[in-house]
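Chemist: Need the 3D shape of this:
(chains A and B)
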Amino acid sequence: MYTREAHPGENLPAHATFEDKLAAAARLRDELGISRPILVDDFEGTVHLAYGGLPNMSWVLGRGGLILYKAMWTSAARIGDFLERVQAQPLDLRHAPFHTEQLEVRRRDGQAFTRGLERNGPRAVAEFARAEELWSQRARTARSRRS
Amino acid sequence: MSAYNYENFDAYVEAGEDEREFGAFPNALHAGERAPNGELTQLDGERVRLSDLWRGRGVVLEFGSFT
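Modeler: The predicted structure follows:
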């Protein structure tokens, strides 16, 4: 699902209209060669916000819309593992579901992400660098509160 | 421009919106619950409801943008 542009820049400003958003989603498909179907949320992000509004979440929904898996960030490997397990163990009288929760780790500064920032423009790069400073300040504040 | 379609990522972080949204995520909508339904638009302009997609089969839903 195509959402808001997380890091607007000179080459890709924030969407001003729904038509902008639809056109940006088509560019995403063409530039990155995405073959999965892309669905576009409305201009105000109604569905995106209903799922939490995060930039790169992934969800696995069973038949009827039952939530089977929710993740704050997308990991194709994790989803692949999960789908294999789900398909190997159908929910029937011999199998009962149980809830799990875990923290996973991801790289913050993947090359594809950096390329995406650069593609969106120098402002996207500069604003992300400033956000990293803000995150560092937050981490320092949190550490000083703990000590 | 709307608050949702923010123009400046650093201002979005400075306002604490990222902390608020990431902080809320673990506490809302859990595995075992029903997912929110909604209407989306395909790139050909056709509208589709999520419930049309998950009626007969499961759905993997990834959210994203250029970055």
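
Chemist: Give the other helices and strands that the longest helix along chain A contacts.
Modeler: Secondary structure assigned by DSSP state H gives helix A:122-146 as the longest helix of chain A. Secondary-structure packing of helix A:122-146 (3 or more CB pairs under 8 Å, 6 or more residues apart in numbering or on different chains; DSSP states H and E): helix A:111-120, helix B:9-14. In short, each C-beta sits where N, CA and C put it, glycine included.

Chemist: who's in contact with that helix?
Modeler: A:7-10, A:12, A:117-118, B:8-11, B:13-14, B:18-19, B:67 (CB atoms under 8 Å, 6 or more residues apart in numbering or on different chains).

Chemist: just stretch B:58-67 next, same as before
Modeler: Outside of stretch B:58-67, the residues within contact range by CB under 8 Å, 6+ apart are A:1-7, A:12, A:24, A:28, A:31, A:36, A:48, A:51, A:54-63, A:68, A:74, A:79, A:83, A:86, A:113, A:116-117, A:119-120, A:124, B:50, B:53.

Chemist: What is the end-to-end distance of it?
Modeler: 26 Å (CA to CA, to the nearest Å).

Chemist: Check the gap between the residue positioned nearest the centre of chain A and residue A:132 for me.
Modeler: Nearest residue to the geometric centre of chain A (CA atoms, centre = their mean): residue A:56, 0.3 Å. For residue A:56, the distance to residue A:132 equals 17 Å [CB to CB, to the nearest Å].
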